[in-house]
Every structure is written in C-alpha cells, then in structure tokens.
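Q: Okay, predicted coordinates and the sequence, questions at the end:
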Amino acid sequence: MIADVVAAVREVAHAEVMPRFRAAGRVRKADGSIVTEADVAAQSALAARLARIAPEPMVGEEMTQAERDAALADGGGSFWCVDPVDGTSNFANGIPFFAVSVALFASGRPALGVVYNPATDELFHAARGGGAWLGDERLPLRPGATVLAEAIAGADLKRLPPPLAASLASRAPCHSQRNFGASALEWCYLAAGRLDVYVHGNQQPWDYAAGSLILEEAGGCHAAFDSEHLWADPFGARAVIAALDREVFAEWKDWIRARVPARAG
C-alpha cells in the first residue's frame with residue numbers, strides 16, 4: 001500500500017500544488033490561518049485517489065469540524081488524515097518549504113505516513129514496523145545529538161506558553177533553534193537528524209500524524225506537554241515534545257515541562 005500512497009501523493013502534488021506555487025491567491029479562514037486554492041484542490045484530489053487505495057473516511061485540514069467529526073465517527077479508528085499543503089504561508093509567499101502530508105490510521109493510531117515536499121522532491125515515508133525512509137535511504141541520515149547542550153531545536157516560539165518561549169529565547173538548554181514553518185516537514189527533519197529536538201505549542205492531528213510515525217520508525221521519541229502519548233483521547237490539537245535520541249528526549253521533556261503552566265497542552 002505504501003507504494004500506492006507515495007504515487008498518489010506525488011501525482012497530486014505535481015498536478016494540483018506545484019502549478020499554483022507563487023501564483024495562488026490566499027484568503028484567511030475564521031481561525032486566522034491562510035488557505036489557498038491549492039489547499040482545496042489538493043485535498044479534493046487526494047480524497048478521490050486515497051479512496052481507491054483504501055475506502056476509509058478522510059479527516060482533512062480543509063474540512064469543517066462537523067465533516068471531521070462525521071468521518072471519525074464513521075471510521076471507527078480507521079481513516080485517512082490529510083494536510084493537503086502543510087506550510088501554507090510558506091507556499092503562498094514563495095518559500096520552498098511546504099509539503100503534502102498523508103497518514104492512514106488503524107485502531108486510532110497512524111499505521112502509514114507520507115510527507116512530500118514537491119519543491120525539493122524529498123519524500124519521507126514510513127509504515128509501522130517497517131522503518132522510516134527518505135526515498136530509498138533509511139532514516140536517520142545522521143545520528144542526533146547525544147547531549148542536549150549540543151542539540152539543534154525546532155521551536156515555534158509564538159505558539160508556546162510565554163514562560164517557555166521566554167526561556168527558550170534567552171536561556172535555551174540547547175545549542176541553537178530553528179523554525180521553518182511547516183510542521184510535518186519539521187517532524188521529518190527531526191527523524192532525519194537535521195534537527196535534534198522539537199517543541200510546538202499547538203499542532204492539529206494532520207500536522208503531526210504522518211511525521212510522528214516517521215520519527216517513531218526512525219527511533220525517535222515524542223510526547224505531549226500533559227501526556228506521555230500523542231494519541232490519547234480526544235483526537236485533536238496537541239502541544240508536542242520530541243527528540244531523536246532517547247536520553248536527550250528525557251532531559252528536553254523535563255526542561256520543557258518545568259516551564260509550562262500546569263494546564264498547558
């Protein structure tokens with residue numbers, strides 16, 4: 001099945017996303033985020049292609065909450081989870097760091113994940129129990145930092161609780177930090193060893209579904225701010241903590257949680 005999903009994602013990205021790169025108009029949704037015609041066209045095309053691979057309901061970013069709730073109820077733990085253009089602001093501004101992200105859930109957890117940046121032709125993928133890959137190269141491409149003080153962090157400061165953001169900006173326990181603006185790809189950069197640790201204060205399931213599986217299969221670790229599991233009920237937004245190295249993850253998680261208000265996450 002992974003080969004079929006990879007083919008579908010590539011086809012949709014090149015048919016619906018790349019022809020609109022640097023040319024798509026944008027509008028703001030009610031939550032303030034940006035949507036372009038590429039997001040809508042790609043989601044529609046993915047819905048048709050993925051249904052032919054596995055006839056499961058789909059939960060997509062460009063759906064209403066009522067549509068998502070209906071899909072979740074209908075799927076019984078098995079469904080497609082899709083972000084048709086992850087990093088829409090980058091895409092709309094002509095920054096070549098965005099992706100099509102697709103995960104297939106089984107029994108309430110991702111079983112398959114594909115994240116594709118058509119601007120660079122990098123395709124990350126994983127199936128549970130089968131390892132994580134960038135094309136035909138096994139992930140990670142390089143080992144992650146084994147000491148937190150030497151780690152490169154992925155961190156979106158504006159989405160973090162203010163005490164944590166202030167600490168990261170002024171007294172970070174890591175070597176340096178980056179924010180690339182496309183969550184699914186940032187998970188994959190972590191799995192590849194391009195980043196060492198990661199934190200984000202508000203990700204939706206389509207932001208982390210495929211990427212978190214790819215990280216797991218690369219040997220990395222993740223948790224939520226307030227839980228050891230990303231996939232605890234309810235299915236929804238999470239504040240996430242992750243790292244490639246297990247010991248660095250434990251130190252990073254403790255440092256973050258010590259600076260997060262009790263109800264955050």
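A: Here it is on my side, so go on.

Q: Return the per-residue confidence for G75.
A: Listed pLDDT for G75 reads 75.

Q: Kindly report the same for V260.
A: pLDDT, read off for V260, is 89.

Q: for A38, same thing?
A: On the pLDDT scale, A38 is placed at 93.

Q: and it, what is it in contact with?
A: E16, V17, R20, F21, A24, P84, V85, F91 (C-beta atoms under 8 Å, 6 or more residues apart in numbering). Backbone N, C-alpha and C define where each C-beta goes, glycine included.

Q: With R49 instead?
A: Counting by C-beta under 8 Å, 6+ apart, R49 makes contact with A8, E11, V12.

Q: Ok, A106 next?
A: G77, S78.

Q: Please determine how far it is located from W80.
A: 11 Å (C-beta to C-beta, to the nearest Å).

Q: what do you get for A99?
A: Here A99 is placed at a distance of 16 Å from W80 (C-beta to C-beta).

Q: what do you get for P162?
A: P162 sits 36 Å away from W80, going by C-beta to C-beta.

Q: ok, those two, which is more surrounded?
A: W80 (25 against 10; other C-beta atoms under 10 Å).

Q: what about W252, is that helix, strand or coil?
A: helix (DSSP: H, G, I helix; E, B strand; the rest coil).

Q: which ones are touching it?
A: The contact partners of W252, by C-beta under 8 Å, 6+ apart, come to L148, A151, P173, C174, V197, V199, I241, A243.

Q: Which of these fall in helices?
A: Residues from the contacts of W252 lying in helices, with DSSP state H as the criterion: none.

Q: From those, pick the one nearest P234.
A: P234 has its nearest neighbour among these in I241, at 19.1 Å by C-beta to C-beta.

Q: That closest one and D254 touch, don't they?
A: No: if you go by C-beta atoms under 8 Å, I241 and D254 don't touch, sitting 9.8 Å apart.

Q: Between these two, tell me which one has more neighbours.
A: Comparing I241 with D254 by other C-beta under 10 Å, the one with more neighbours is I241, at 24 against 12.

Q: For the closest residue to R142 other than its chain neighbours, what are phi and psi?
A: In this structure, R142 finds its nearest non-sequential neighbour in G193, 3.9 Å apart by C-beta to C-beta, 6 or more residues apart in numbering. When read as degrees, to the nearest 10, the backbone of G193 gives phi 90, psi 10.

Q: Report the contact partners of G193.
A: Counting by C-beta under 8 Å, 6+ apart, G193 makes contact with L139, P140, L141, R142, P143, G144, L244.

Q: can I see the domain layout of this structure?
A: 2-138, 148-257 (automatic domain parsing).

Q: Quick check: which of those domains is buried the most?
A: Stretch with highest mean neighbour count among these: domain 148-257 (a mean of 21; mean count of other C-beta atoms under 10 Å).

Q: any idea of the mean pLDDT in it?
A: Domain 148-257 comes out at a mean pLDDT of 95.

Q: Need the residues that contact stretch 144-157.
A: 165, 168-169, 172-181, 186, 189-190, 193-201, 220, 243-245, 247-248, 251-252, 255.

Q: make it 7 Å
A: 165, 168-169, 173-179, 186, 189-190, 193, 195-200, 243-245, 247-248, 251-252 (C-beta atoms under 7 Å, 6 or more residues apart in numbering).

Q: So which residues of the stretch 51-200 of the chain form strands?
A: Using DSSP state E, counting those that start in this stretch, the strands of the stretch 51-200 of the chain run over 58-60, 79-86, 99-106, 109-117, 122-127, 132-134, 137-138, 152-155, 176-178, 197-203.

Q: right, so of those strands, which gets closest to E37?
A: strand 79-86 (10.2 Å).

Q: for the closest residue to D86 other than its chain neighbours, what are its contacts?
A: Among residues not flanking D86 along the chain, A184 sits closest, at 4.2 Å (C-beta to C-beta, 6+ apart). By C-beta under 7 Å, 6+ apart, the contact set of A184 is D83, D86, A99, S101, V115, D207, A210, G211.

Q: let's go with 6 Å and repeat that
A: Contacts for A184 were tallied using C-beta atoms under 6 Å, 6 or more residues apart in numbering; they are D86, A99, S101, V115, A210, G211.
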